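Enquirer: Please find the sequence and the predicted model below.
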Amino acid sequence: MSGPTDIGSGLVQREAKKAAVWLGMAGLMALVVLLAQPLLVIFGGIVFAAMIDGGQRLLARVLPAPRPLRIVIVLLGAVGFLVWLVIFGGNQIAQQAAQLPAIIQSQSQQLFNLAHRHGLFVEQFDVSKVAEQLIGGVGPVTRALGGIVGGFTTAFLIVILGIYFVLEPDIYQRGLAWLLPVDIRESWHGTAHRMGRSLRMLLFGRLVGMASEGIATWLLLWYQNVPMAALLGLLTGLLAFLPNIGAPISGVLMILVGFSGGTNMGLYCIAVYLVVQTVDGNIVVPMIAKKAADLAPALVLGAQLIFGVMFGILGLILADPLVAMLKIALEKQAERNHRQRATPPEED
């Protein structure tokens, strides 16, 4: 005997199932938006795991040790570098960092005064007032570059997740495949393998670019006794992780500090910036990063702006790897659809 909730019409049943699917998709999208920040932290852990895995793979070429031991060596090397940076360079860099805002403000004021004398601005500019107006007028952008409070907690979670992921990656890959339909699980494993390789190459290119830009900038500025050479080299290296955005920011800081020491020093800093960015943009990045992901610069920049405004500095950092992973997933799905269309249907 039929119950009160049974639907006898086949048409109504089909339409009800379609409505349930659409409602489920809408609920899933709302859940993703609600949990976007935690999901981004989890993806950050995946990115960190890819960096560790790439390091231990490189180490395996010269050290035939067990994989867990190579992972420990890579982690200890990273910790050792941070300790060295704090102990040997922390005092000098901290002193330079304290002087940097005053130099930037002074040089910016001189730049505005020069523009005023040449008739580019009607009124005389006050840098402090301009800064106050900028802070009040571009709230979303400042939020994209903010988020310092709580940053250590987020970084700690990313590191812990990354260590868990890199120690036993197969468990998480099989677990995620188990949630997928049976007929696409094999394709998922291929997609995950390609994603992992592309992510490792992309991050390797970023790290090489960061190291090359930071060290080259520091040495070239130190050679001409440019003030704050160590700090500018460190900032250039760190900002190199953000393609399209980091380089102009570090370049402006470098040039402003350079002109504080005179016109010749300022012109030299411009030359250093152009040389370093030209070498990195035409040699390092094309050889590694573009071969790994082949991302359009405008697409990366747009993703950085969107994710930066939506999720802060974490979204700004992870926009590039996330776009690369989405691109690979779409390419694999397109290949799967092409194979299905090319395969003739089986006859009964």
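Expert: Structure received.
Enquirer: neighbours of Pro227, just the number please.
Expert: Using other C-beta atoms under 10 Å, Pro227 has 16 neighbouring residues. Any C-beta I mention is one placed from the backbone N, CA and C, and that applies to glycine too.
Enquirer: what helix or strand is it on?
Expert: Per DSSP states H and E, Pro227 falls between elements, in no helix or strand.
Enquirer: what pLDDT does it get?
Expert: What the model reports as pLDDT for Pro227 is 81.
Enquirer: So Ile255 versus Asn264, what's the distance?
Expert: 13 Å (C-beta to C-beta, to the nearest Å).
Enquirer: More neighbours: the two, which one.
Expert: Ile255 (19 against 11).
Enquirer: give me the element the more buried one is part of.
Expert: Here Ile255 is assigned to helix 246-259, by DSSP H and E.
Enquirer: And for Ala216?
Expert: Going by DSSP H and E, Ala216 is in helix 185-223.
Enquirer: tell me the mean pLDDT over that helix?
Expert: pLDDT averaged over helix 185-223 gives 83.
Enquirer: Give me the angle between it and helix 246-259.
Expert: Counting by axes from the mean of the first three to the mean of the last three C-alpha atoms, to 10 degrees, helix 185-223 lies at 10 degrees to helix 246-259.
Enquirer: Are there helices or strands packed against the helix or strand just after helix 185-223, and which ones?
Expert: The C-terminal neighbour of helix 185-223 among helices and strands, as given by DSSP H and E, is helix 229-239. Judged by 3 or more C-beta pairs under 8 Å, 6 or more residues apart in numbering; DSSP states H and E, helix 229-239 is in contact with helix 67-117, helix 185-223, helix 246-259.
Enquirer: Highest mean neighbour count out of those helices?
Expert: helix 246-259 (a mean of 20; mean count of other C-beta atoms under 10 Å).
Enquirer: Which strand or helix spans the most centrally placed residue in the chain?
Expert: By C-alpha atoms, centre = their mean, the mean C-alpha position of the chain lies nearest to Ile317, the distance being 2.8 Å. Using DSSP H and E, the element containing Ile317 is helix 313-342.
Enquirer: Check which helices and strands that helix sits against.
Expert: By 3+ C-beta pairs under 8 Å, 6+ apart, helix 313-342 packs against helix 36-60, helix 139-144, helix 185-223, helix 289-293, helix 297-311.
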